[in-house]
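S.K.: Just need the structure, nothing else, for what follows:
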Amino acid sequence: MPLRRAPAALAAVLACLAGAGHATAAGCGPLTVAMYEHGALYYRQGEQWAGIDKDIVDELARRTGCELRMTRDSRIRIWTMLKEGTLDMTMSGIPTAERETFARFTPYLQARNMLLLRNEAARSATTLEQIAAQPELKVAVIKGFKHGASYDSWLERLRQQGRVFEAPDYATLVRLFQHGRVQAILQLSSNIDVLQRDKALAGRFRVLDLVPRENVIGAMVVSRLVAETHTGKLEQALRAMRDDGTLKAIMERHVSPERAQAMLAR
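M.R.: Got it, this is the predicted structure:
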């Protein structure tokens, strides 16, 4: 009798295993989302981390059911890991031809680079040419950032004169500016509100919008090694968040309503 029942028992076990495999395949994640500190997009708030990108990732997880695990890392390491296939996602990524070979981009915000100039420097220089003409004025940028054709060309001229500091991250960039080691920094318009609220900087700098036509697009970035079904879920949810107003509402938690409206990617 036991021998005759064995095939039926084996079939039941195989069915259970098949069911478990199907459930695993149908699940979404865990996917690791690496974040880096960058103004209103991701910043420390007391002992916690906050920001537009964090809120977006939380909402994406809620809507899709995907398990999205947020970690922090440097921007340079994030792009290296995505290229090597050891990271699943990041946010606020700027698409390039090379990056699109190893990741998919879904735009959700736009901004442009603005020049922040300490008040004492702004008394004698308010244009790129005026700043370039004063060798004592120095600029800091985050290492590896691209700022658009006009700013990048201008920065290259200053680099040849030893006037550009390459900060490893956002926090270092702000400290250089705060302590007067440099007189100017370049920042995305999405970060201006946070910097103007910073007690150590408030009232100590001017914001110059010198290249208004060169917008920067920020996108959700998903490795091409992530299953297309998972990527499709996330992309669909992000687009729905824009259409139903959730994306704008998230931005307004961290920036002014006017800036939030301007940041929505068209």
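S.K.: what element comes up after the helix or strand hosting Lys248 heading to the C-terminus?
M.R.: Using DSSP states H and E, Lys248 maps to helix 246-252. Later in the chain than helix 246-252, the nearest helix or strand by DSSP H and E is helix 257-263.
S.K.: quick check, distance from that following helix to the centre of its chain.
M.R.: Taking CA atoms, centre = their mean, to the nearest Å, one finds the center of helix 257-263 at 17 Å from the center of the full chain.
S.K.: Could you number the chain from 29 rather than 1 from now on?
M.R.: With the count now opening at 29, the last piece we talked about shows up as helix 285-291.
S.K.: What count of nearby residues applies to Met269?
M.R.: Met269 has 19 neighbouring residues, counting by other CB atoms under 10 Å. Placement of C-beta: from N, CA and C, glycine included.
S.K.: Leaving out chain neighbours, which residue sits closest to it?
M.R.: With CB to CB, 6 or more residues apart in numbering as the criterion, Met269 has its nearest non-adjacent residue at 4.6 Å, and that residue is Leu275.
S.K.: Touching, that neighbour and Ala293? I think so.
M.R.: No. Contact criterion CB atoms under 8 Å: Leu275 and Ala293 do not qualify, at 9.0 Å.
S.K.: Could you export the helix or strand in which Asp221 is found as PDB, CA atoms only?
M.R.: Element membership for Asp221 (DSSP H and E) is helix 220-225. This file holds the C-alpha atoms of helix 220-225, laid out as PDB (Å, rounded to 0.1, in the frame of the first residue of the first chain):
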ATOM      1  CA  ILE A 220      17.900  76.100  -3.600                       C
ATOM      2  CA  ASP A 221      15.000  76.100  -1.000                       C
ATOM      3  CA  VAL A 222      16.900  73.700   1.300                       C
ATOM      4  CA  LEU A 223      20.100  75.800   1.200                       C
ATOM      5  CA  GLN A 224      18.200  79.000   1.800                       C
ATOM      6  CA  ARG A 225      16.700  77.400   4.900                       C
END
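S.K.: can you list the residues that contact it?
M.R.: Outside helix 220-225, the residues that touch it by CB atoms under 8 Å, 6 or more residues apart in numbering are 67-68, 71, 142, 144, 202, 215, 229-230, 233, 235, 282-284, 287.
S.K.: Of the residues you listed, which belong to helices?
M.R.: Mapping these onto helices (DSSP state H) picks out 202, 287.
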